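> Quick one: sequence and predicted model below, then my questions.
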Amino acid sequence: MNSLGPKQSGRRHLAFPGEVLVGAHDWLIPYSIPLRFFVAASFFQVLAWGLMALGYGDVAGFRGGPGVILAALHALTLGVLAMTAMGAAYQLLSVASGITLKSYFMCRLSSWAFLPGTFLLVGGMFHSNTTLMFVGGVLAVFGLLVFGAVIGWIFYKTQTLVMTVQHGWIALASLVLLGLAGVSLILDFDTGFLGTSTLAAHAELALTHAILGGFGFMGLMVMGFSYILVPMFALSPAPDPKPSTLAFGLGALGLVLALSGAWLGATLLTLSAVPLGLAAASIHIWLMFKAMRTGMKKRLGVSFVMVRLGWALMVLAILLGGLSLMFPEILNMPALFGFTLTFGWLLTFLTGVLQRILPFLAAMHAHKLSQPAPRLSELGQEGKVLKTHMIAHCSALTLVALGIASDQDLIILVGALVGMVGAVSFLWFTLGVSRYLGKLYNNEPLPEQP
Amino acid sequence: MTKRWQEDDGLHLDLHGLSPPEPMIKVLQEIEGGEYNHIVLHMDRDPIHLYEELAERGWRGQLVSHQVDEISGDVAVIVELSLDTKE
């Protein structure tokens, strides 16, 4: 199968001395690269909810440690969230920046390490097998670092996308520390080396790892990419750079304070990050709503219901983070915070965005092969699949949060099963796009358009 | 800043240096203005997301030239847009 497709030719204009005519779509990476991440993320979403359903009795009281809930958490954070971020970054960054990747080997290498690595890590956590966890963890971290090197190169080369690049650098720095902390935590299960000398104890490092992952790597990456995605979907000018920079500065300062406090075990220092995070989130959301209000595209569909809900849950996650430090025994606050941060804010936002990115991926490749952009029905759904996902996802969030807060395991079980239904719907949607692209490049007949 | 001029073949827009989605917004504003039925774009990348928006508005676009300077790496793209008369 030729995933690159034919080159487009055209009338030749001489614009520069020594110019060469190149294919018009050299910046459009082979669809198999982003798609493998999106398909894997959709499978891991089913797995994450499924593992939560399996370990429903341990969700509300979860405070860390190997087992089914840690496996569910990492199936989500690495398997869905980081996986989606990798696919989206590969697909969008070269298109948005105009920077052409000279080779796709590094993109493929990151997938070869990250996909099996995540699977082994989740399996190791499920079976409490530290050797498997270590092998999986090292592979996954290696994949993430290769990914970091590729997008770091694009950040370095591009002259545009200022806000995305600013957020991206801090997200990448967080990624490196996140990987180090993660591997150290796995090693500590067997060796107990943490807590000696100047090293933070296991619990402190675990909190540091969670903040690095949730707010540092994924949070800043999501906020940075929003500066490309939201104006692109709403057809609005880029947000005003001054408030954007202020939001970024407040968020970055909040992150540093939260990390310092978590590392040192200084609760007050960690708490001081909460108002900064809330201010950063408020300005960011205000900018995004302004972009949607002034955009030429008013009807943004189901995907932006999810995106808006994601933003509301971002604010709630920051608030619950503070409350979990002050009142850890009330309403199972640490578990409620972790659930709201990961399954709430990040998963809701990313599945909303993915609903737009996947049809874009199909449309870009259809255009490259001189085919009309596919309709939703050609992508294996008529809107019903995504509506089912949205309803099931929102119901699952509500039920599991209620179950955690009220310590009712059966409500958590029902919520996780409903979440699984939504995840299966989403997987169907992703596979529909996958089938369409396969037909497109294999010259199989596509449905007739009127 | 957008340069805008008219030639025999219609309106020309130079959108070099604008960050996405600014070029797309400028183009759609011209199209929705309804004054022209043929527009030539001079850009630094193929406006991939524009084509879907054009189709929704009864227009079509065609990439007619794409060059990269070997030394600087700068890209120059020319895209012709026209009202789709098949509609």
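Looks like it arrived, so ask away. Numbers count the residues shown, from 1 in each chain, chains lettered A, B, ... in the order given.
> got the residues of chain B near chain A?
By CB under 8 Å from any CB of the partner chain, the residues of chain B that approach chain A are B:19-22, B:24-25, B:28-29, B:44-46, B:48-49, B:51-53, B:55, B:62-72, B:74-78. Using the backbone N, CA and C atoms, a C-beta is placed for each residue, glycine as well.
> now those: which count as buried?
By neighbour count, with 16 or more other CB atoms under 10 Å in any protein chain shown, these hold B:19-22, B:24-25, B:28, B:45-46, B:48-49, B:51-53, B:55, B:63-68, B:75-78 as buried.
> Point out the ones among these that are inside strands.
B:63, B:64, B:65, B:66, B:67, B:68, B:75, B:76, B:77, B:78 (DSSP state E).
> now the host helix or strand of residue A:85: how far from the chain's centre is it?
For residue A:85, the host element (DSSP states H and E) is helix A:83-97. Computed by CA atoms, centre = their mean, to the nearest Å, the chain-centroid distance of helix A:83-97 equals 11 Å.
> Show the subsequent helix or strand relative to the one helix or strand in chain A whose mean pLDDT sits lowest.
Between all helices and strands in chain A, the lowest mean by mean pLDDT, DSSP states H and E belongs to strand A:19-21, at a mean of 32. Where DSSP H and E defines the elements, the next helix or strand beyond strand A:19-21 is helix A:32-54.
> Now do residue A:148 against chain B, distance only.
According to CB to the nearest CB, to the nearest Å, residue A:148 and chain B sit 23 Å apart.
> Tell me which residues touch that residue, please.
Neighbouring residues of residue A:148 by CB atoms under 8 Å, 6 or more residues apart in numbering or on different chains: A:172, A:175, A:176.
> low-confidence ranges in the stretch 101-250 of chain A?
Applying pLDDT under 70 to the stretch 101-250 of chain A picks out residues A:197-199.
> By proximity to chain B, which residue of it wins?
The nearest approach of the stretch 101-250 of chain A to chain B comes at residue A:160, 4.5 Å away (CB to the nearest CB).
> what about that residue, is that helix, strand or coil?
With DSSP: H, G, I helix; E, B strand; the rest coil as the basis, residue A:160 sits in coil.
> Find the nearest non-adjacent residue to it, please.
Excluding its sequence neighbours, the residue lying closest to residue A:160 (CB to CB, 6 or more residues apart in numbering or on different chains) is residue B:19, at 4.5 Å.
> circling back: cross-check the contacts of residue A:148 against chain B and keep the overlap.
Within those, nothing lies near chain B by CB under 8 Å from any CB.
> In ChimeraX, how would I select the buried members of the residues you listed?
To isolate the buried members of the contacts of residue A:148 in ChimeraX, using 16+ other CB under 10 Å:
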select /A:172,175
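> Take the contacts of residue A:148 and write them to TSV, including secondary structure and distance to residue A:361.
Below are the contacts of residue A:148 laid out as TSV (DSSP: H, G, I helix; E, B strand; the rest coil; distance: CB to CB, whole Å):
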residue	secondary structure	distance to residue A:361
A:172	helix	24
A:175	helix	24
A:176	helix	29
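> CA atoms only: put the longest helix anywhere in chain B into CSV for me.
Assignment by DSSP state H gives helix B:22-33 as the longest helix of chain B. Taking Å, rounded to 0.1, in the frame of the first residue of the first chain, the C-alpha atoms of helix B:22-33 are listed here in CSV:
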residue,chain,number,x,y,z
GLU,B,22,-5.2,34.2,9.2
PRO,B,23,-4.8,33.4,5.5
MET,B,24,-7.9,31.4,5.4
ILE,B,25,-9.9,34.1,7.1
LYS,B,26,-8.7,36.7,4.7
VAL,B,27,-9.7,34.5,1.7
LEU,B,28,-13.1,33.7,3.1
GLN,B,29,-13.8,37.3,3.8
GLU,B,30,-13.1,38.1,0.1
ILE,B,31,-15.3,35.3,-1.1
GLU,B,32,-18.1,36.2,1.2
GLY,B,33,-17.7,39.8,0.0
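> mind checking pLDDT for residue 79?
Defaulting to chain A. pLDDT recorded at residue A:79 is 97.
> um, chain B though
pLDDT, residue B:79: 88.
> try the one 3 residues further on
What the model reports for residue B:82 is a pLDDT of 89.
> who does the strand or helix carrying it pair up with?
Assigned by DSSP H and E, residue B:82 belongs to strand B:75-83. Based on DSSP bridges, the pairing partners of strand B:75-83 within the sheet are strand B:38-43 (antiparallel), strand B:59-69 (antiparallel).
> From chain B, how far out is residue A:263?
In this view, residue A:263 and chain B are 37 Å apart by CB to the nearest CB.
> Just list the residues touching that residue, thanks.
Residues near residue A:263 by CB under 8 Å, 6+ apart: A:200, A:204, A:205, A:208.
> try it again with 10 Å
Residue A:263 sits next to A:181, A:199, A:200, A:204, A:205, A:207, A:208, A:211, A:269, A:270 when contact means CB atoms under 10 Å, 6 or more residues apart in numbering or on different chains.
> burial measure for the last one, as a count.
So the one you mean is residue A:270. A count of nearby residues for residue A:270, using other CB atoms under 10 Å in any protein chain shown, gives 23.
> Just give the closest residue to it, not the sequence neighbours.
residue A:261 (3.1 Å).
> can you pull the buried residues of the host helix or strand of that neighbour?
According to DSSP H and E, residue A:261 maps onto helix A:241-264. Neighbour-count burial for helix A:241-264 flags A:244, A:246-248, A:250-255, A:257-259, A:261-263 (criterion: 16+ other CB under 10 Å).
> which outside residues touch the helix or strand following that helix?
Using DSSP H and E, the helix or strand that follows helix A:241-264 towards the C-terminus is helix A:267-271. For helix A:267-271, the external contacting residues (CB under 10 Å, 6+ apart) are A:207-208, A:211, A:257-264, A:321-323, A:325-326, A:328.
> Would you mark the buried spots in helix A:267-271?
Neighbour-count burial for helix A:267-271, counted by 16+ other CB under 10 Å, picks out A:269, A:270, A:271.
> Just want the angle from the next helix or strand after it to helix A:241-264.
Once the chain leaves helix A:267-271, the next helix or strand it forms, by DSSP H and E, is helix A:273-294. Calculated by axes from the mean of the first three to the mean of the last three CA atoms, to 10 degrees, helix A:273-294 forms an angle of 150 degrees with helix A:241-264.
> do the next helix-or-strand element following helix A:273-294 and chain B meet?
The first helix or strand that comes after helix A:273-294 along the chain, using DSSP H and E, is helix A:301-326. No: under the criterion of CB under 10 Å from any CB of the partner chain, chain B is not reached by helix A:301-326; the shortest gap measures 13.6 Å.
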